[in-house]
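Participant: need a structure here:
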Amino acid sequence: MRLEQLAGSGRAPILPLNLTLAGDELRVERWLRVLPGQRYVGLAQWRGRAVLAKLLVGGKAERHFRRELDGARLLAEQALLTPELLAEGFVQGQGGWLLFDYLDGARSLWDAWREVAGEAPLSVAQQAVLGEALTAIAQMHGKGLWQADLHLDNLLRHDGRLYLIDGGGVRGETPGQPLSRARVLENLGVFFAQLPAELAPFTEELLIHYLLANGEHALPLEALLKEVEKVRRWRLRDYLRKVGRDCSLFAAKVGAFGLRVVRRECAAELQPLLDAPDAVLADGQALKRGGSATVARIELGGRALVVKRYNLKGLGHWLRRFWRPSRAWHSWREGHRLELLGIATPRPLAVLERRWCWLRGRAYLITEYCGGQDIIARFQAHLQGSPPENELLALDRLFAALLRERISHGDFKGHNLFWDDERGAWSLIDLDAMQQHRSARGFARAYARDRARFLRNWPADCALHQLLDQRLPQVPGTCPN
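Facilitator: Alright, predicted model coming up:
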């Protein structure tokens, strides 16, 4: 295949793939990242050695190639540890390529973080991962460089050393001279905004790792926290826009006669379900058969899933619903909101809407199955005592997160809160009425209703009710002290 032909090969060009680049043969064996028609990154063989190949095609190829090449050279020129650039080239009308030394067995700091993410906030292991990242970032800043696309996947551990990768995101202010304070605060804002919000109280402690490696500037904590909050808001808005359109994360088809959005990584697996949701729903294990919704647990490819169909109870119900976003769509969007904010919920996998000339009908939501007990069943044996402390602490963290993010559930009965054994957290389901509030006053009222509804799961005179009433945080002016 010629390089320019790659632009029309879609998301998964057939492997192995042979390309001739400047007279040398490149054999791609595995795709690592694909942006269709623009960027193809893969593990390849070249001149008898393993390389990481970045292949850039399409109308933006030259701009992307120059950016990648400039960034890789900046890292190397400033003596920062980065994979060696072995070969590069660009042919007008075809595209460009960059071949890097492949770090076999390397693991990103993101992989390391996922192994410790479930531990108590800023455990020793978490601090080790984040401290390593901040030290590397500080070294970049000390050389006048920063990574615009800053995240833990761009830091690789290999043979006990930490490598900086992805030159396409590397920028230079005055290479060789420390980065300005304004740029440092901006870049650190991007880094801290990607961490779980419950780590925010530890920002100053984590910042010590940075300052030990680069003490060029005094970094006011208040200014940094404002930058972090600004980036958090932007990330959330950007992500929620993606959940409804075709992109690297989601495969979407939206039109006058239907909507279908599915996580791209499981689109093939879910295809039988997406083609005939009613038939699969009928064959599943019924969890709920109500007038407004039908819910079933199903097995697909050895994986347990939940399918929820939002029914229309009649003409009057349809007239009230057809012009508004469906409850399935609302739950899909809010599920992804919780996921980005680090609040446990079964992962939403796909959403469907039946439409006729844009008028909405039945809708379906497909999520992972949360197999734990709901909180009523889980706490039943402790009505006159105290549940396990780890489960109470997890409940404390959940309510603290809802307060921090100004999120109300809208139907906070115990059957909508399940214990997730794997994560050691309480997982929220049934997000039809969930809302993230802009107004503090509106949130206070909604939170008070949620808290009162949650406590009504148990008799007011039992020890458990009284214990939870004492532990659960209150919004001033909405609950008795």
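Participant: What are the buried residues along stretch 333-351?
Facilitator: 333-346, 348-351 (16 or more other CB atoms under 10 Å). The way it works is simple: take the backbone N, C-alpha and C, and place the C-beta from them, glycine included.
Participant: Apologies, that question was intended for stretch 366-381.
Facilitator: 366, 367, 368, 370, 372, 374, 375, 378, 379.
Participant: which SS class is residue 469?
Facilitator: helix (DSSP: H, G, I helix; E, B strand; the rest coil).
Participant: In terms of helices and strands, where is residue 82?
Facilitator: Following DSSP states H and E, there is no helix or strand that holds residue 82.
Participant: mind checking the backbone torsions on it?
Facilitator: Dihedral pair for residue 82: phi -150, psi 150, per degrees, to the nearest 10.
Participant: Burial check on it, number of neighbours?
Facilitator: 22 (other CB atoms under 10 Å).
Participant: I'd say it and residue 166 touch.
Facilitator: No - contact criterion CB atoms under 8 Å: residue 82 and residue 166 do not qualify, at 9.4 Å.
Participant: I'd say residue 136 and residue 164 touch.
Facilitator: Yes - Residue 136 lies in contact with residue 164 (CB under 8 Å); the separation is 6.5 Å.
Participant: shared neighbours, those two?
Facilitator: residue 155 (CB atoms under 8 Å, 6 or more residues apart in numbering).
Participant: Strand partners (parallel or antiparallel) of the lengthiest strand in the chain?
Facilitator: Ranked by number of residues, the top strand in the chain under DSSP state E is strand 24-35. Strand 24-35 pairs in its sheet with strand 17-21 (antiparallel), strand 39-46 (antiparallel), by DSSP bridges.
Participant: name the helices or strands packed onto the longest helix seen in the chain?
Facilitator: Longest helix in the chain, counting residues (DSSP state H): helix 221-242. With contacts taken as 3 or more CB pairs under 8 Å, 6 or more residues apart in numbering; DSSP states H and E, helix 221-242 sits against helix 181-193, helix 203-213, helix 327-341.
Participant: Now residue 12: phi and psi?
Facilitator: Torsion angles at residue 12 (phi, psi; degrees, to the nearest 10) stand at phi -140, psi 70.
Participant: what helices or strands is the helix or strand encompassing residue 360 leaning on?
Facilitator: Using DSSP H and E, residue 360 sits within strand 359-368. Contacts defined by 3+ CB pairs under 8 Å, 6+ apart place strand 359-368 against strand 303-310, helix 327-341, strand 348-356.
Participant: Rebuild those as a markdown table, extending it with mean pLDDT and distance to residue 201.
Facilitator: Compiled in a markdown table, these are given as follows (pLDDT from 0 to 100; distance: least, CB to CB, whole Å):
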| stretch | mean pLDDT | distance to residue 201 |
| --- | --- | --- |
| strand 303-310 | 91 | 35 |
| helix 327-341 | 93 | 16 |
| strand 348-356 | 87 | 30 |
